[in-house]
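# my questions are about this predicted structure, shown below with the sequence.
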Amino acid sequence: MKTKFLIPLVIFVVLVGFLAIGLNRDPSEVPSPLINKAAPAFEIPQLEQSNKMFSPASMKGQVWILNVWASWCVACREEHPVLVELAKSQVAPVIGLDYKDKREDALAMLSRQGNPYLLSAFDANGRVGIDYGVYGVPETYVIDQAGIIRFKHIGPITTQVLNQKIYPLISELKKS
Amino acid sequence: MIPEFGHYALILALCIAVIQGVLPLVGAHQGRREWLMLARPAAQTVFLLLAIAFVTLAWSFYVNDFSVLYVAEHSNSQQPVMYRLGAVWGGHEGSLLLWVFLLSTWTILVAQLSKALDEFMVARVIGVLGLVTSGLLLFVIATSNPFTRLLPAAQDGRSLNPLLQDPGLVFHPPMLYMGYVGFSVAFAFAIASLLSGRLDAAWARWSRPWTTAAWIFLTLGIALGSWWAYYELGWGGWWFWDPVENASFIPWLVGTALLHSLAVTEKRGGFKSWTVLLAITAFSLSLLGTFLVRSGVLTSVHAFATDPKRGVFILIFLCLVVGSSLALYAWRAPKSTMGGKFSLSSRETLILLGNVFLVVSAGSVLLGTLYPLLIDALHLGKISVGPPYFNSVFVPIMVPLLVLMGIGPWASWKNTDLLTVLKRLWLAGLVAIIAGISIPLIMGEFTWLASIGFVLAFWVIASGCLQIVRQAKAGKPTRSFIGMQFAHLGIAVFVIGVTMVGAYQEEKDVRMLPGETVTVGGYQIQLQGVNAVPGPNYNAMRGTFLLSKDGSSQTTLYPEKRSYFTSTMPMTEAAIDVGLTRDIYVSLGEELGDQSWAVRVYYKPFVDWIWGGCLLMALGGALAISDKRYRMKLKGKTA
Amino acid sequence: MKSLFLLLATMLCLSSSFAKDATPLAADPVLEQRLISISEEMRCLVCQNESLAGSRSDLANDLRREIRTLIQEGKSDDQIRTFMVERYGDFVLYRPPVKPITWLLWIGPFVILLIGIVGLLNYLRRRNQSIPSTTLSQTDNAKIDALLNQDRRDRRND
């Protein structure tokens, strides 16, 4: 009979446990349902050479990185040097997806801060972004030789993310 | 210098609050009267010190002292005085100061108004309140000090979020916090009775008016918040099941259960441990709400600027207060006596059945609010739980409760013949069914949901009217009886408002040139023109709209689109023609080029009955408190 | 005076004949209604808890435009929801889908309610059996009557 009076306390302890774990999680970070699924197909004009098109199919056979960016995005400007480093390391080609931007502004940013991208695709109305589940630039995807998305990072890339997540993943993918 | 006075006052208050918390409790345990006697003066001192702290913060806002970081973050020299003062509780630090100041206010009210109570009980109650106050003050001083300096001082402040620059800010938080914090009194009474080992019916009687008072404030606070969102946000919604809204509604549901449970315990002496548990739970939910809103574990438009460090502190505080209370409960509650017998067919049973519905509904709102966190913590992914869930689960649980509301007051205490009761209610049932069929047809569209809403509302109203008639024949009704009628009527009025607006509101989204008219709900709204109008700290485009019905013009409405100097997002100030049976709501959108404007108009039937119902509930509670029995001086021996 | 009145009347007639009805903002109000009802149950991903229907953010505008296109293509409500979930996960739905991890959420409240009602009635029945019925003695009854009478007199005097 007496144990039933302990039930409220037990429920409370369990609740606090969950709340404590919750303190370390970010409630607004949206994990991508596209992981381990084929990268959505698209064909849109390039940023630099607007008469040429780009399609992810053309990257099949190699591991590559897709970085969603825009000249109006402050965090993109912050992560840009890290991307330039990444491109220099020649670990994997970096393709940019210029999201809802103006051509002149985008090209100006690249000439100002350097161009880490093999090329950038120009997503004028954000339609490709929607297919990739983009909800806030910058976002970065690692895509394997078969065109499957293996990793998505939301927010600016840091050297820490590069060293701890991206480089190890790429070397693993290259082995198989 | 003045902010430092406030800071010192806070620190001193903490020291005295610790004395207020520890000594009376130890004194009551060891029978030391000198320590018992410290309770009231300590509470008075803490109140005075916190009043000083509060006033110094308000003063800093009034004189635009931007060397105080909190003032610089939430105020601006061009901000109107009313909102400079409202900004005192517009951010995390100041609102916590308000919280703890109101706690000391309730404490001193208990201290002053409980002269007739047993002094050991009073000392324990004040002691418990002192411990809670100490914990909160420690939190404020350690992590959320509103008096932190900003050196060098800012030229001007960042100003209050334009959404908050509204009369709603002046009234909603204080009212809400009075309710949240007010449940601490019922909590303190419950803990005091557990500590004393005296779990008798007298405790229920003393606790009741304080609980009702807190409930009244919480009802008004929630209603104000809902009404504020309605006219401020520009899209006419009044409840979004947002985590912060739920954080205030869950304690309200449990508080309502507690109110009714106290009635059973007072009458029958039974269910003391259940009532004590409800009292502990209500206040724990207030504290949990405070945690949820300030820790960043849930996304909400209402959430304060989050800081995980603060979250950890509040969680520890929560653990200590609630954990120790529930442990004390597990230890002492089993010792309480059973109380009087009552039949399964009685008012007591019906009230307790109502308790089940209220507590389960509170639990389900809590479950829905915390479920995303639960799933995420278990690494099972990320889901959202929003209005569709809450509406689907909460409403079905409330339906049987509304039916009970019509039956309960007819049942007699201890034993009643339910069949006879139901037979007496045949007229109420008939009225309800007629209402459920006729009103939707009058409004032009029959839906089952609307019909059920009207059936339930009129069932409660008709049952109440029959009760009043019956009581009038028996003699002068007590204030307590009238209070109950008003409160239950308030719920019915609320249901009518919700049903009407939900089923029969009309909305039109149009592009308008001056001279054009849009028709909604049988009313014509004509745009006369849009002009630029300057404000104290904003520039506005103001539309002039003529409202008429059947050719006769009724009034002019002036919705605005404001650009505040300190914000990039334009703000919509809707114009509302308020009426007893409908609101006409006009919201100015963007300018579309070619001189035309996007305009949104709403016809909202009976929407003000939603908040009118809440007012009636609060009135009912006030009448119940003013009942003679709480003011009756006992002749001869004390209870 | 008469001519002034005539002039006024004419002006009023003219002005009312110029009073045009405003055109709806949306090209197709019926489609717009369906868009609103679908997007009301979806989350705006860049907002602090607002629906896709109500938000004015860029992404929300884009996604509403997308859903409008899907409706025009003849897609059903379910297909549209699937479209959104494929890209943004279950997080975008305000009505949590019913799957094993949400069974507790959807069924839980009703199960607890049932347990609560049945449990309460059972408890009350057992409680009634365990509390002994007491019958009071003559002297006790007399004491009670005296106290009640005194109380009634006190209330009348208050």
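It's in.
# which residues in chain C form strands?
Secondary structure of chain C (DSSP state E): strands at C:23-24.
# brain fart, chain A
With strands called from DSSP E, chain A shows them at A:44-45, A:53-54, A:64-69, A:94-99, A:119-123, A:139-143, A:149-154.
# any stretches of the chain with poor pLDDT?
Went with chain A since none was named. Filtered on pLDDT under 70, chain A yields the residue ranges A:1.
# please go with chain C instead
C:1-19, C:155-158.
# look through it and tell me its longest helix.
Secondary structure assigned by DSSP state H gives helix C:103-130 as the longest helix of chain C.
# helices or strands up against that helix?
Judged by 3 or more CB pairs under 8 Å, 6 or more residues apart in numbering or on different chains; DSSP states H and E, the packing partners of helix C:103-130 are helix B:347-377, helix B:387-407. Yep, even glycine has a C-beta here, placed from its N, CA and C like the rest.
# do the shortest one and chain C meet?
Meaning helix B:387-407. Yes. Helix B:387-407 reaches chain C (CB under 8 Å from any CB of the partner chain) through B:387-389, B:392-393, B:396-397.
# tell me if I'm right that residue A:114 and residue A:84 touch.
Yes. Under the criterion of CB atoms under 8 Å, residue A:114 makes contact with residue A:84 at 4.7 Å.
# just give the nearest non-adjacent residue to residue B:126, would you?
residue B:39 (4.0 Å; CB to CB, 6 or more residues apart in numbering or on different chains).
# er, residue B:394 actually
Residue B:394's closest residue in space is residue B:361 (CB to CB, 6+ apart), at 5.9 Å.
# same deal with residue B:12?
Of all residues not flanking residue B:12 in the chain, residue B:49 sits nearest, at 5.3 Å (CB to CB, 6+ apart).
# residue 131: how many residues sit nearby?
Picking chain A for this. Using other CB atoms under 10 Å in any protein chain shown, residue A:131 has 18 other residues around it.
# if you could check chain B rather than the one you did, that'd help
Residue B:131: 20 surrounding residues under other CB under 10 Å.
# do the one 10 residues further on as well
Residue B:141: 15 surrounding residues under other CB under 10 Å.
# wait, isn't it in contact with residue B:12?
No. If you go by CB under 8 Å, residue B:141 and residue B:12 don't touch, sitting 10.8 Å apart.
# close to chain A: what parts of chain C are there?
Going by CB under 8 Å from any CB, the residues of chain C near chain A are C:45-46, C:48, C:58-59, C:62-63, C:66, C:85-89, C:91-92.
# one more time with 7 Å, if that's ok
Applying CB under 7 Å from any CB of the partner chain, we find that chain C lies next to chain A at C:45-46, C:59, C:62-63, C:66, C:85-89, C:91.
# which of the residues you listed sits closest to residue A:126?
Residue A:126 has its nearest neighbour among the residues of chain C next to chain A in residue C:62, at 5.0 Å by CB to CB.
# on that earlier part again, farthest-apart pair in the residues of chain C next to chain A, please.
C:46 and C:86 (18.8 Å).
# excluding its backbone neighbours, what's nearest residue 51?
Looking at chain A here, since you left the chain open. Residue A:51's closest residue in space is residue A:45 (CB to CB, 6+ apart), at 7.4 Å.
# you answered for a different chain; I wanted chain C.
residue C:40 (5.3 Å).
# the one you found and residue C:55 touch, don't they?
No. If you go by CB atoms under 7 Å, residue C:40 and residue C:55 don't touch, sitting 11.0 Å apart.
# ok, those two, which is more surrounded?
More crowded of residue C:40 and residue C:55, by other CB under 10 Å: residue C:55, with 20 against 16.
# quick one: contacts for the more buried one?
Counting by CB atoms under 7 Å, 6 or more residues apart in numbering or on different chains, residue C:55 makes contact with C:44, C:47.
# now, of the helices and strands packed on helix C:103-130, which is deepest in the fold?
helix B:347-377 (a mean of 22; mean count of other CB atoms under 10 Å in any protein chain shown).
# now do it against helix C:103-130, angle only.
Angular relation of helix B:347-377 and helix C:103-130 on a 0 to 180 degree scale: 150 degrees, by axes from the mean of the first three to the mean of the last three CA atoms, to 10 degrees.
# who does helix B:347-377 touch, helix- and strand-wise?
helix A:7-22, helix B:243-268, helix B:387-407, helix C:103-130 (3 or more CB pairs under 7 Å, 6 or more residues apart in numbering or on different chains; DSSP states H and E).
# by proximity to chain B, which residue of chain C wins?
residue C:94 (2.8 Å; CB to the nearest CB).
# just give me the neighbour total for that residue.
Residues near residue C:94, counting by other CB under 10 Å: 22.
# dump stretch C:114-134 to CSV, restricted to CA.
In CSV, the C-alpha atoms belonging to stretch C:114-134 read as follows (Å, rounded to 0.1, in the frame of the first residue of the first chain):
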residue,chain,number,x,y,z
LEU,C,114,-9.8,4.8,-18.7
ILE,C,115,-7.5,3.5,-16.0
GLY,C,116,-8.2,6.6,-13.9
ILE,C,117,-12.0,6.3,-14.1
VAL,C,118,-12.0,2.5,-13.4
GLY,C,119,-9.3,2.9,-10.7
LEU,C,120,-11.2,5.6,-8.9
LEU,C,121,-14.5,3.8,-8.9
ASN,C,122,-12.8,0.6,-7.6
TYR,C,123,-10.9,2.5,-5.0
LEU,C,124,-14.1,4.2,-3.8
ARG,C,125,-15.9,0.9,-3.5
ARG,C,126,-13.1,-0.7,-1.5
ARG,C,127,-12.9,2.5,0.7
ASN,C,128,-16.5,2.3,1.6
GLN,C,129,-16.1,-1.3,2.7
SER,C,130,-13.1,-0.6,4.8
ILE,C,131,-14.5,2.4,6.7
PRO,C,132,-16.6,1.2,9.6
SER,C,133,-20.1,2.6,9.9
THR,C,134,-20.5,4.4,13.2
